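> From the sequence below, what's the structure:
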Amino acid sequence: MSRLLRSLAGRVTLLTTIAVGLAVAFVAAGAFMTVRVQMQSTLDNSLLDRAQQATRTSALSQLSTDLKIPSWALGAGDIRVAFVYPDGKVLTPDQGPRLYIGEPEFAVAQGKRAYNIRTIAAGGTDYRVASVPAATPGEALVVAQSLEPQKQVLARLGVVLLLVGLLGVAAAGVSGWAVARNGLRPVRRLTVEVEAIARTEDLTPIEVHGDDEVGRLAAAFNEMLRALAASRDRQRQLVADAGHELRTPLTSLRTNIELLTQVDSPGAEALPAGARTELLDDVRAQIEELTTLIGDLMELSRHEPAAHLVAPVDLADVVDQALARVRRRAAGLVFDVDLEPAELVGDAAALERAVTNLLDNAAKWSPAGGTVTVRLADGTLTVDDEGPGIAGEDRDRVFDRFWRADESRGMPGSGLGLSIVRQVAERHAGRVDVEESPAGGARLVLALPVGAAAAAAGPAGPLGPRPTSPPPAAGPTARPATPPPAPPTTGGRP
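Down below sits the predicted model:
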């Protein structure tokens, strides 16, 4: 990670240097061109002013007779003049390199142009040439000035801009490196803390500094640590609770098996047939309890059910099948049932198990000859019993894994039945609640989205993609008279 941060700092520095270098280059080029254009404009204006002043001071014929440079040009060694006459003759008073007078200057002498300014080369030197008409028609005065002084100034300016630009780029690189290192310091600190957590597996939240992006990242990481710590605590609690719940039936099973083994050993006194049968029945019951507990644990460990089990389901059919099972195990109870069709998309097997756990829980706590009331309307299943009910302070814990009230310790069950109900409800975007029954017992309410509510949950809810086949047509649903055999399920009533 530290190598990655160094690479990131290097990239930030490089990008900063490139950006500043480009900016400096554009600014320097703009300044150079501005100065060059401004000097050119100043020189052109100066040449035109001098040429016009000369034409007003003296006639060209007089200048040509004296072959002298006028007083306005004296002391300016970089100034040269030439005279254009009506007969096309060109006279240069000085002895310098010949100025190549061309068509633009003749056009000025002939009155075709008011003036002309251009650059020409003479003797390896560039001159800026200005031509203006004289007082005598057909004559023109040409004033030329060397561009060497201007080139020297521009050359010095270019060197200065280059040096300043290089210094600016170097300063930008150093500043970018410093800013990158200081900016990545919180990231490096967070990296060190995260690496320490990964190395020590200590899920203590880290300290958050500030509310910037790194601070929000640290806060989000703390949320993840808390969730991970809670998950690990739940896992440890599940293992501890499962070990505790498995220890009791395993101890009893081992005791019974050892007793049967000792009785069957040579020389041991034989057990009466009734006692032996009772021991074997006890062993079978303990094996069934272990099987149920292991099945419940496997059900709770499922996070993503198989997609091929998801299909349109009538919750009323599911409740009918669960009632058929529970009635066989609770023959002494009366079931008051009123069911309305409720179409939804879900896992029929998981829903049946959840409903069975609710009914088993009510049957276990109902007195002999009592009534269990079952109602299904608008996708809400309500199960009322006539038992002692659930204390208000215990209602928030009845859906916890392995939690059981003190009065239920001696009763059958693993304490996982209602946990499975809650997990199935959440997987189907529903909920399960516990209330007080009007009959004085407990009321468990399983609410699932059906119809339009199920469609509003989205095309692929918590159970995975929905089938592409259309749901069955509305109308009476045929319910099996004889439900398929299934192993008994023990509810997890507290």
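> C-alpha only now, for contacts and for neighbours.
Fine.
> next helix or strand past the host helix or strand of Ser419?
Using DSSP states H and E, the secondary-structure element containing Ser419 is helix 417-427. Counting by DSSP H and E, the next helix or strand C-terminal to helix 417-427 is strand 431-436.
> one step back: remind me what the helix holding Ser419 packs against, helices and strands.
helix 273-301, helix 348-365, strand 431-436 (3 or more Cα pairs under 8 Å, 6 or more residues apart in numbering; DSSP states H and E).
> what is the mean pLDDT for it?
In this model, helix 417-427 has a mean pLDDT of 85.
> Give me the domain ranges for the chain.
2-158, 213-298, 304-465 (automatic domain parsing).
> So which of those has the densest surroundings on average?
domain 304-465 (a mean of 19; mean count of other Cα atoms under 10 Å).
> Where does the prediction get shaky in the stretch 101-250 of the chain?
183-184, 241, 244-245, 248 (pLDDT under 70).
> Would you map the helices across it?
Using DSSP state H, counting those that start in this stretch, the helices of the stretch 101-250 of the chain run over residues 103-109, 148-183, 185-200, 213-264.
> Next: the stretch 351-494 of the chain.
Under DSSP H, counting those that start in this stretch, the stretch 351-494 of the chain gives helices at 417-427, 452-456.
> Longest helix in the chain, please.
helix 2-57 (DSSP state H).
> In contact with Leu163, which residues?
Going by Cα atoms under 8 Å, 6 or more residues apart in numbering, Leu163 touches no other residue.
> ok, back up a step: which one of the helices and strands packed on helix 417-427 has the lowest average pLDDT?
Looking at those, the bottom one is helix 273-301 with a mean of 76.
> Output the contacting helices and strands for it.
By 3+ Cα pairs under 8 Å, 6+ apart, helix 273-301 packs against helix 213-264, helix 417-427.
> Can you check what angle separates the helix or strand just after it from helix 348-365?
Proceeding C-terminally, helix 273-301 gives way to strand 310-314 as the next helix or strand, assigned by DSSP H and E. Using axes from the mean of the first three to the mean of the last three Cα atoms, to 10 degrees, the inter-axis angle of strand 310-314 relative to helix 348-365 is 50 degrees.
> What is the next helix or strand after strand 310-314 packed up against?
From strand 310-314 onward toward the C-terminus, using DSSP H and E, the following helix or strand is helix 315-329. Helix 315-329 is packed against helix 348-365, with contacts defined by 3+ Cα pairs under 8 Å, 6+ apart.
> about what we covered before: can you list the helices and strands packed on helix 417-427 in JSON lines and add distance to Pro149?
Below are those laid out as JSON lines (distance: least, Cα to Cα, whole Å):
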{"stretch": "helix 273-301", "distance to Pro149": "90"}
{"stretch": "helix 348-365", "distance to Pro149": "96"}
{"stretch": "strand 431-436", "distance to Pro149": "91"}
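> Report the mean confidence score over the longest helix of the chain.
79.
> Quick one: list the elements packing against that helix.
Contacting helix 2-57 under the criterion 3+ Cα pairs under 8 Å, 6+ apart are the following elements: strand 125-133, strand 140-146, helix 148-183, helix 185-200.
> Of all these, which one comes closest to Val35?
When the helices and strands packed on helix 2-57 are compared by Cα to Cα, helix 148-183 sits nearest Val35, at 7.9 Å.
> any idea of the angle that closest one forms with helix 213-264?
30 degrees.
> from now on call the first residue 3
All set: I'll call the first residue 3, so the last point we hit is now helix 150-185.
> Give me the angle between helix 150-185 and helix 187-202.
30 degrees.
> okay, the angle between helix 150-185 and strand 127-135?
120 degrees.
> how distant is helix 150-185 from the center of its chain?
41 Å (Cα atoms, centre = their mean, to the nearest Å).
> re earlier: can you list the helices and strands packed on helix 275-303 in JSON lines and add distance to Asp319?
Output for the helices and strands packed on helix 275-303, formatted as JSON lines (distance: least, Cα to Cα, whole Å):
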{"stretch": "helix 215-266", "distance to Asp319": "33"}
{"stretch": "helix 419-429", "distance to Asp319": "17"}
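> For Ile81, find the nearest of the ones you listed.
The nearest among these, by Cα to Cα, is helix 215-266 at 67.4 Å.
> Show me what that closest one is packed up against.
Using 3+ Cα pairs under 8 Å, 6+ apart: helix 215-266 touches helix 187-202, helix 275-303.
> mind saving the C-alpha coords of the first one as PDB?
This points to helix 187-202. Provided in PDB are the C-alpha atoms of helix 187-202 (Å, rounded to 0.1, in the frame of the first residue of the first chain):
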ATOM      1  CA  ARG A 187      -0.700  11.900   4.800                       C
ATOM      2  CA  PRO A 188      -4.200  11.100   6.100                       C
ATOM      3  CA  VAL A 189      -4.400   8.300   3.600                       C
ATOM      4  CA  ARG A 190      -1.100   6.900   4.700                       C
ATOM      5  CA  ARG A 191      -2.200   7.000   8.300                       C
ATOM      6  CA  LEU A 192      -5.500   5.300   7.500                       C
ATOM      7  CA  THR A 193      -3.500   2.700   5.500                       C
ATOM      8  CA  VAL A 194      -1.300   1.900   8.500                       C
ATOM      9  CA  GLU A 195      -4.300   1.500  10.700                       C
ATOM     10  CA  VAL A 196      -6.100  -0.700   8.300                       C
ATOM     11  CA  GLU A 197      -3.000  -2.900   7.800                       C
ATOM     12  CA  ALA A 198      -2.700  -3.200  11.600                       C
ATOM     13  CA  ILE A 199      -6.300  -4.300  11.800                       C
ATOM     14  CA  ALA A 200      -5.800  -6.900   9.100                       C
ATOM     15  CA  ARG A 201      -2.600  -8.100  10.900                       C
ATOM     16  CA  THR A 202      -4.000  -8.300  14.400                       C
END
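> related to what we said a few turns ago, between helix 187-202 and the longest helix of the chain, find me the angle.
Using the same axes, to 10 degrees: helix 4-59 against helix 187-202 is 170 degrees.
> So what are the sheet partners of the helix or strand hosting Arg82 and their directions?
Here Arg82, judged by DSSP H and E, is contained in strand 81-86. Paired neighbours of strand 81-86 in the sheet (DSSP bridges): strand 92-93 (antiparallel), strand 142-148 (antiparallel).
> Need those in CSV (columns: distance to Asn224).
Shown next, in CSV, are the strands paired with strand 81-86 (distance: least, Cα to Cα, whole Å):
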stretch, distance to Asn224
strand 92-93, 92
strand 142-148, 76
